[in-house]
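A.B. asks: next comes the sequence, and after it the predicted model I'd like to discuss.
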Amino acid sequence: MIELYPGRPKEVVLTLYPSLKTWDFLHLIFPLLLKAALMTLILTVVAVGNGIIIGTFCGIGRLARNPFIRFLTAIYVDLIRGTPLLVQIFMVYFGLPPIIGAIVAKLGLGDGNPIHIPSFPAAIMALSINSGAYVTEIIRAGIQSIDRGQMEAARSLGMTHAQAMRYIILPQAMKRVIPPLCNEFIAMLKDSSLVSTIAMEELVRKGQIIATTYYRPAETWFAVAVIFLLLTLPVTRLVALLERKLKTGD
Amino acid sequence: MIRVENLHKYFGRLHVLKGITNHVAQGEVVCVIGPSGSGKSTFLRCLNLLEEPSAGRIFFDNVEVTDHRAIDVNEVRMEIGMVFQRFNLFPHLTALQNISLAPMLVRGLSREEAEARAYELLDRVGLREKAQSYPDQLSGGQQQRVAIARALAMRPKAMLFDEPTSALDPEMIKEVLDVMKMLVAEGMTMVVVTHEMGFAREVADRVLFIDDGVIVEEGTPAEIFNRPRQERTRDFLSKIL
C-alpha cells in the first residue's frame, strides 16, 4: 500500500487511509517520531552540556572557603532540586516574559508588554538550569571522594589551591563522575519530555500530535516508548561498562 | 634554619601540641620519635603549615612563616619538601609527570628543564626505567622513592618525612632508608618522624622524644637510646626496642 504512493508525504498517506494495519501505521509514523527524537537528543545534549559547565563551577563553589559562595551555590541546588522541573519550565516560559517586559519598560525601551520567549530557548534554559543543579552535586561528591592526601601533597609542593584543583583533584574527580553523569544524561533524556507542555516539538509532543490526529494512541505511545528505550539502553550499558572498568583502573 | 617557639595546636577542644620550642640548624638531621597520638606528626605538619598552628611562632630562614600578612604560604612550602606515610603520589600521572609537574607550575621551569631534572632524580633513586609507569604499577617502596624525588624536584632547602616507611612491607623499608641516607650524606636539612630506631640511631644528629604534645627529652642518639634521663623515654624505648 505504501508502495502505491511513492513520494507522497507520510502525513497525507495517513490521512487518506485511517484504517491502516498496525504495522503499516507504525511503519509510517516511526520516521516522524525518529525525527522528533533527534530534537529530544539535541535538547538533552545541550542541557547536560550546559549543566556540566554550570555544575563544575558550582560544584567547586560548594566546597569554596568563602562562606558566601558556599551559601549561594547551596541555595541554587536546594531551590532547583526542591521544585518540580515542570514548574521550572513554566517559570521560564510563562513567568519570565512579563518580568523581562517590565524590566525593559523600566529601562525605557519597551511598552511593558510581556516579551515572548520562543519554546526552544526557553526549553534549553530551563533544562540547563535544572541539570546544572544535579551536576553540581555530582561534581561536589566527585571532588570529595578524592583522598585528602592528594590536596596535601600538591600544596606541600607549593601549588596554589587553584593549581592543585586544576591539575590534581579535578582530573581524578572527572574520571569518577563519568558514570553518575551518564545517569544524569539518561534522566534528562526522559525528563526533557516535560517541555512538550510548552509546545516544544520533541518526541513526546510529536507522539501527542500523532496520537490525537489519527486517533491511534495504542500504537503511537508504544512506538514512543520503544524509541526512548533505544536512546537510553546504549547509555545504560555504557555506564555498566565504565563502572566495571573504573573500579579496576583507578 | 627552622625555629619553633612555643607552638600550640588544638583540634577543636583537643590540645595536641602543648608548647613546643626547638631549633633545627642548617644541615642538621633531626629524628622525632614518640608513641602514636603524641603529636609528632602534627608537629611536622605545622612546620610547612599543612596544619595551621593555634599559637606560637615558626621561623624559616629567619622569616616568620606564621605571620600570614607578611608571607605567601606557597613560597614557604616550595622551600620545604614533604614525604608522606602513604606516599600520596598523583595516581593519574606517570612517575615522570609526578616529579616534573610542580617544578613547571610553581618554579616556572620549561617542560624540557623539568623533565631533565626529573630523569636526573629518578636516576638518583634508581628508578629511571620506571619513568613512564603509573603509581599503581609500582611497589610501595618504589612509590615512596618517587615521592621523595618529587619533593626533591622543587630543590627544597629542607625535607620533612612523616613516617616514610610505616606503610611499607618490611622488605621495602631498606630501599627507602637508603635514599634518605643518601640525602643525609649530601647535607640536606631533615626532620624525620619515624619508628625506625636503627635509622635514627645511625643518621640523626639529634633525637626528639615527643609525648603528650611536649618534647619530653632531646639529645644525641647515644644520649636518648643508651642513657635516657626521663622515665617516660625509658618506658617508651623499653616497649619498642
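C.D. replies: Here it is on my side, so go on.
A.B. asks: residue boundaries of the helices in chain B?
C.D. replies: Per DSSP state H, chain B carries helices over the ranges B:40-47, B:73-77, B:95-105, B:111-124, B:140-152, B:170-185, B:197-203, B:221-226, B:231-240.
A.B. asks: okay if I get these as CSV plus mean pLDDT and mean neighbour count?
C.D. replies: C-beta coordinates here come from the backbone N, C-alpha and C atoms, glycine included. Putting the helices of chain B into CSV (pLDDT from 0 to 100; neighbours: other Cβ atoms under 10 Å in any protein chain shown) gives the following:
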stretch, mean pLDDT, mean neighbour count
helix B:40-47, 94, 23
helix B:73-77, 88, 18
helix B:95-105, 96, 24
helix B:111-124, 96, 17
helix B:140-152, 96, 25
helix B:170-185, 94, 16
helix B:197-203, 92, 18
helix B:221-226, 93, 16
helix B:231-240, 90, 14
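A.B. asks: which one of those lies closest to B:Arg86?
C.D. replies: Smallest distance to B:Arg86 across the helices of chain B (Cβ to Cβ): 9.3 Å, for helix B:140-152.
A.B. asks: quickly check: the closest one near chain A or not.
C.D. replies: Yes: shown here: helix B:140-152 in contact with chain A (Cβ under 8 Å from any Cβ of the partner chain) through B:147, B:150-151.
A.B. asks: so that helix versus helix B:95-105, what angle?
C.D. replies: Counting by axes from the mean of the first three to the mean of the last three Cα atoms, to 10 degrees, helix B:140-152 lies at 20 degrees to helix B:95-105.
A.B. asks: which one of the helices of chain B lies nearest to A:Ser192?
C.D. replies: helix B:95-105 (40.1 Å).
A.B. asks: does anything pack onto that closest one? Which helices or strands?
C.D. replies: helix B:111-124, helix B:140-152 (3 or more Cβ pairs under 8 Å, 6 or more residues apart in numbering or on different chains; DSSP states H and E).
A.B. asks: and the closest residue to chain A within chain B, what's its pLDDT?
C.D. replies: Per Cβ to the nearest Cβ, the residue of chain B with the smallest distance to chain A is B:Met78, at 3.1 Å. The per-residue pLDDT reported for B:Met78 equals 89.
A.B. asks: can you report phi and psi for it?
C.D. replies: phi -70, psi -10 (degrees, to the nearest 10).
A.B. asks: who are the neighbours in contact with the residue in chain A that chain B sits nearest to?
C.D. replies: The minimum distance from chain A to chain B, using Cβ to the nearest Cβ, falls at A:Gly158 (3.1 Å). Residues counted as contacts of A:Gly158 (Cβ atoms under 8 Å, 6 or more residues apart in numbering or on different chains) are B:74-75, B:77-78, B:102, B:106, B:154.
A.B. asks: that one falls within a strand, correct?
C.D. replies: No: counting by DSSP: H, G, I helix; E, B strand; the rest coil, A:Gly158 is located in no strand; its state is coil.
A.B. asks: how about it, nearest residue that isn't a chain neighbour?
C.D. replies: Residue nearest to A:Gly158 in three dimensions, not counting chain neighbours: B:Met78, with 3.1 Å by Cβ to Cβ, 6 or more residues apart in numbering or on different chains.
A.B. asks: show the average pLDDT along the helix or strand harbouring A:Thr236.
C.D. replies: With elements taken from DSSP states H and E, the one containing A:Thr236 is helix A:217-248. Helix A:217-248 shows a mean pLDDT of 88.
A.B. asks: hmm, back to that, which members of the contacts of A:Gly158 are the farthest-apart pair?
C.D. replies: B:Glu75 and B:Ala102, at 13.3 Å, using Cβ to Cβ across these.
A.B. asks: quick one: the helices in chain A?
C.D. replies: A:10-16, A:22-62, A:67-81, A:85-90, A:96-106, A:119-144, A:148-156, A:161-164, A:170-191, A:203-214, A:217-248.
A.B. asks: looking at those, which is closest to B:Lys18?
C.D. replies: So among the helices of chain A, helix A:148-156 is nearest, using Cβ to Cβ, at 23.9 Å.
A.B. asks: quick check: residues of chain B near chain A?
C.D. replies: The interface of chain B toward chain A, taken as Cβ under 8 Å from any Cβ, is made up of B:48, B:50, B:74-75, B:77-78, B:80-82, B:84, B:86, B:88-92, B:101-102, B:105-106, B:136, B:147, B:150-151, B:154.
A.B. asks: among the helices of chain A, which comes closest to B:Ile58?
C.D. replies: Per Cβ to Cβ, nearest to B:Ile58 of the helices of chain A: helix A:148-156, 15.2 Å.
A.B. asks: ok, and does that closest one reach over to chain B?
C.D. replies: Yes: counting by Cβ under 8 Å from any Cβ, contacts between helix A:148-156 and chain B involve A:149-150, A:152-156.
A.B. asks: so, low pLDDT: which residues of chain A?
C.D. replies: Scanning chain A for pLDDT under 70 picks out A:1-8, A:16-18, A:247-250.
A.B. asks: which non-adjacent residue is nearest B:Met154?
C.D. replies: Closest to B:Met154 by Cβ to Cβ, 6+ apart is B:Met78, at 5.2 Å.
A.B. asks: who's in contact with that neighbour?
C.D. replies: A:157-158, B:102, B:106-107, B:154, B:156.
A.B. asks: is it true that A:Leu85 touches A:Ala123?
C.D. replies: No: if you go by Cβ atoms under 8 Å, A:Leu85 and A:Ala123 don't touch, sitting 11.0 Å apart.
A.B. asks: more neighbours, these two?
C.D. replies: A:Ala123 (27 against 20; other Cβ atoms under 10 Å in any protein chain shown).
A.B. asks: A:Gly149 touches B:Leu89, doesn't it?
C.D. replies: No: taking contacts as Cβ under 8 Å, A:Gly149 lies outside contact range of B:Leu89: 9.5 Å.
A.B. asks: give me the more crowded residue out of the two.
C.D. replies: Comparing A:Gly149 with B:Leu89 by other Cβ under 10 Å, the one with more neighbours is B:Leu89, at 25 against 15.
A.B. asks: how about the more buried one, what does it touch?
C.D. replies: Here B:Leu89 is in contact with A:153, B:95, B:98, B:135, B:143, B:146-147, B:150 (Cβ under 8 Å, 6+ apart).
A.B. asks: from these, which is closest to A:Val204?
C.D. replies: The nearest member of the contacts of B:Leu89 to A:Val204, counting by Cβ to Cβ, is B:Pro135 at 48.3 Å.
A.B. asks: ok, that closest one - contacts?
C.D. replies: Counted by Cβ under 8 Å, 6+ apart, B:Pro135 has contacts B:87, B:89-91, B:95, B:98, B:143, B:146.
A.B. asks: swap in B:Gln142?
C.D. replies: B:127, B:130, B:175.
A.B. asks: which parts of stretch B:3-16 are buried?
C.D. replies: B:3-5, B:7-9, B:16 (16 or more other Cβ atoms under 10 Å in any protein chain shown).
A.B. asks: next one: stretch A:44-64
C.D. replies: For stretch A:44-64, using 16+ other Cβ under 10 Å, the buried residues are A:44, A:46-48, A:50-52, A:54-56, A:58-62.
A.B. asks: C-alpha coordinates for that stretch, CSV please?
C.D. replies: Output of stretch A:44-64 as CSV, limited to C-alpha atoms (Å, rounded to 0.1, in the frame of the first residue of the first chain):
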residue,chain,number,x,y,z
THR,A,44,19.3,16.6,26.3
VAL,A,45,22.9,17.0,25.0
VAL,A,46,22.8,20.8,25.1
ALA,A,47,21.1,20.9,28.5
VAL,A,48,23.5,18.4,30.1
GLY,A,49,26.5,20.1,28.4
ASN,A,50,25.5,23.4,29.9
GLY,A,51,24.7,21.5,33.1
ILE,A,52,28.3,20.2,33.2
ILE,A,53,29.7,23.7,32.8
ILE,A,54,27.4,25.2,35.4
GLY,A,55,27.9,22.2,37.7
THR,A,56,31.7,22.2,37.5
PHE,A,57,31.8,25.8,38.7
CYS,A,58,29.1,25.4,41.3
GLY,A,59,30.4,22.1,42.5
ILE,A,60,33.8,23.8,43.2
GLY,A,61,31.8,26.6,44.7
ARG,A,62,30.0,24.3,47.1
LEU,A,63,33.4,23.5,48.6
ALA,A,64,34.8,27.0,48.5
